[in-house]
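J.: Need coordinates for the below:
(one chain, ligands or ions: 1)
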Amino acid sequence: MKNPANSFKRALASGDPQLGIWASFADPYATEAVATIGADWLLIDGEHGPNDVRSILAQLQAVAPYASHPVVRVVDANPSVIKQVLDIGAQTLMVPMIDTVEQARAVVAATRYPPKGIRGVGAALGRASRWASIPDYADSGVQEICVIVQVESVKGLANIDEIVSVEGVDGVFFGPVDLSASMDLMDQPTHPDVVRAIGQGASVARAAGKAAGVLATDVERAKGYLAAGVQFVAVGIDILMLVNSGRALLREFKGDRDEKRPSYG
Ligand SMILES: O=C(O)C(=O)C[C@H](O)[C@@H](O)CO
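T.: Have a look, this model is predicted:
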């Protein structure tokens, strides 16, 4: 059996814009439904969603028949978690809160076998190699791994030149919500200073030949980022699409209850 090609990694390398949807229900049935929407990628959120290795596995299996590529966001840069998520067959990882070149290098090392990295060798027992049905997984499988690091702090932005220079980093995803907090603009991910900082970071990434991504749930803002060359943009969050349309429906009957809610980019 041949190792499945990573369509998302190839699209990032070719410069094609990629629209994504955040899958936050931590549930295979809901994530399978999201996979039918037609987005280029979807994000299985292990940072803020209530996911564990088994729930991520179930979602990877659920979306496997669809064209929407699953990106798995791990809870943090812990190499043990990265190893488990790779072994269950995730090909594209997003790793939050990367502030330094050393952290970026460590993330890449966690995805590579020795001597290039520190990933423990055990994929033959796992879905990644389809239980050793992919005989050259150690080569071909690793070549299809796509590493996205999240830069979402003032410190990360200050180090962006070095972070994007790391071999094995395929792209940088700017987290506008955390970045706004780090810039002392809590809950203002669309503040002009935040948008400008992301635009500047994205230019640095592009100049280094790396893809830039962002979350932008406002349609015009998302189009603005795409027009500015931010290549992979998450344009919606499933759980918020549900609750926001439910709230709008109830407003029709109960009127505006004037509740202040944080913005999510
Ligand atoms: O900082 C951000 O923005 C992100 O990393 C995305 C958020 O985590 C997302 O879950 C919406 O709040």
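J.: List the beta-bridge partners for residue 23.
T.: Note on residue 23: beta-bridge partners residue 44, judged by DSSP bridges.
J.: gap between residue 124 and residue 131?
T.: 7 Å (CB to CB, to the nearest Å). C-beta coordinates here come from the backbone N, C-alpha and C atoms, glycine included.
J.: who's more crowded, the two?
T.: Using other CB atoms under 10 Å, the more surrounded residue of residue 124 and residue 131 is residue 124, with 16 against 12.
J.: Am I right that that one is in a helix?
T.: Yes - using DSSP: H, G, I helix; E, B strand; the rest coil, the assignment for residue 124 is a helix.
J.: shouldn't it be in contact with residue 130?
T.: No - the pair residue 124 and residue 130 does not pass the contact test of CB atoms under 8 Å, sitting 9.9 Å apart.
J.: What strand or helix carries the residue nearest in space to the middle of the chain?
T.: Against the mean C-alpha coordinate of the chain, by CA atoms, centre = their mean, the closest residue is residue 94 at 4.2 Å. Residue 94 is located in strand 92-95, with elements delineated by DSSP states H and E.
J.: Which strands or helices does the helix or strand just after that strand pack on?
T.: Sequence order places helix 101-110 as the next helix or strand after strand 92-95, per DSSP H and E. Judged by 3 or more CB pairs under 8 Å, 6 or more residues apart in numbering; DSSP states H and E, helix 101-110 is in contact with helix 79-87, strand 146-151, helix 160-164.
J.: In contact with the nearest residue to residue 61 once chain neighbours are set aside, which residues?
T.: Sequence neighbours aside, residue 28 is the residue nearest to residue 61 in space, at 6.9 Å (criterion: CB to CB, 6 or more residues apart in numbering). Residue 28 sits next to 55, 58-59, 61-62 when contact means CB atoms under 8 Å, 6 or more residues apart in numbering.
J.: And the buried ones among the residues you listed, selectable in ChimeraX?
T.: Buried members of these, defined by 16 or more other CB atoms under 10 Å, are picked up in ChimeraX with:
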select :55,58,59,62
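J.: Now render the contacts of residue 28 as TSV, adding secondary structure and pLDDT.
T.: Shown next, in TSV, are the contacts of residue 28 (DSSP: H, G, I helix; E, B strand; the rest coil; pLDDT from 0 to 100):
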residue	secondary structure	pLDDT
55	helix	98
58	helix	98
59	helix	99
61	helix	98
62	helix	98
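J.: quick one: which of the contacts of residue 28 is nearest residue 203?
T.: The nearest member of the contacts of residue 28 to residue 203, counting by CB to CB, is residue 59 at 33.5 Å.
J.: Hmm, the closest one is touching residue 25, no?
T.: No - counting by CB under 8 Å, residue 59 stays clear of residue 25, with 9.1 Å between them.
J.: who touches both of the two?
T.: Going by CB under 8 Å, 6+ apart, residues that sit against residue 59 and also against residue 25 are residue 31.
J.: Skip the chain neighbours and tell me the closest residue to the residue in the stretch 51-200 of the chain positioned nearest to the ligand.
T.: Closest residue of the stretch 51-200 of the chain to the ligand, CB to the nearest ligand atom: residue 175 (2.5 Å). Closest residue to residue 175 apart from its sequence neighbours, by CB to CB, 6+ apart: residue 152 at 3.3 Å.
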